[in-house]
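**Student:** Quick one, fold the following:
(2 chains)
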Amino acid sequence: GAVVSQHPSWVICKSGTSVKIECRSLDFQATTMFWYRQFPKQSLMLMATSNEGSKATYEQGVEKDKFLINHASLTLSTLTVTSAHPEDSSFYICSASPSLRAGGAGANVLTFGAGSRLTVL
Amino acid sequence: AQSVTQLGSHVSVSEGALVLLRCNYSSSVPPYLFWYVQYPNQGLQLLLKYTSAATLVKGINGFEAEFKKSETSFHLTKPSAHMSDAAEYFCAVSEWGGYQKVTFGIGTKLQVIP
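**Tutor:** Take a look at the predicted model:
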């Protein structure tokens, strides 16, 4: 089945530094990937839609200059948290889906990475 | 716009008892509905999905859910809870087949009491 890998799983950084999180589709190509953020004891909130070869689409309220997304290839999207602050500490999860294939839209479902926990000191 | 409401942020059941996690949805078009499970510090794993075929959907680990359009519900059930079922469960809705933007409920934490 489809596998999405995230790296790193855990990262601790100092306030003011930047952190990059990678999301890779291991056995399929994904023209679109999604980045979610999950605060403790809360649901996942979609941050942005990452489109291969073009600019990401950010959800309302998400600072695009703060959360830089690059989708340079069909198997890799990166999220960079710039000038991180303690309030950016969170669990970041990416997801992707193989391109449409036989079976129609319902046959394809997002596969989620294991998540990356960011702690900003 | 699409949305999901999960009733009960915490549910406790005894081992061997019925598990019932409630989910109601709102969607302007026929929805695709999903249940995901999340174990601590891990990503989400798909339990099951409704894609406009059979209204009773069977998933992994003995879970199933029934789509009821008249009630706009998609409740998750399991006849007999196991200790390993303790986790957080998210109901989700998509108007795009599940391969695009998905909106999640707030989650229900399931506790299984031995």
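
**Student:** Next, see if the one helix or strand in chain A whose mean pLDDT sits lowest gets close to chain B.
**Tutor:** In chain A, the helix or strand scored least confidently by mean pLDDT, DSSP states H and E is strand A:111-112, which has a mean of 86. Yes. For strand A:111-112, a contact with chain B is found by C-beta under 8 Å from any C-beta of the partner chain, at A:111-112. All C-beta spots, glycine's among them, are computed from the backbone N, C-alpha and C.

**Student:** Check which helices and strands that strand is in contact with.
**Tutor:** strand A:90-96, strand B:44-50 (3 or more C-beta pairs under 8 Å, 6 or more residues apart in numbering or on different chains; DSSP states H and E).

**Student:** try 10 Å this time
**Tutor:** On a contact count with 3 or more C-beta pairs under 10 Å, 6 or more residues apart in numbering or on different chains; DSSP states H and E, strand A:111-112 meets strand A:4-7, strand A:90-96, strand B:44-50.

**Student:** I'd like to know which of these lies nearest to A:F39.
**Tutor:** strand A:90-96 (5.8 Å; C-beta to C-beta).

**Student:** report the angle between the axes of that closest one and strand B:44-50?
**Tutor:** 50 degrees (axes from the mean of the first three to the mean of the last three C-alpha atoms, to 10 degrees).

**Student:** At the geometric centre of chain B, which residue sits there?
**Tutor:** Centroid-nearest residue in chain B, with C-alpha atoms, centre = their mean: B:W35, separated by 3.3 Å.

**Student:** Does that one touch B:E66 like I think?
**Tutor:** No. Contact criterion C-beta atoms under 10 Å: B:W35 and B:E66 do not qualify, at 11.5 Å.

**Student:** Cool, thanks, signing off.
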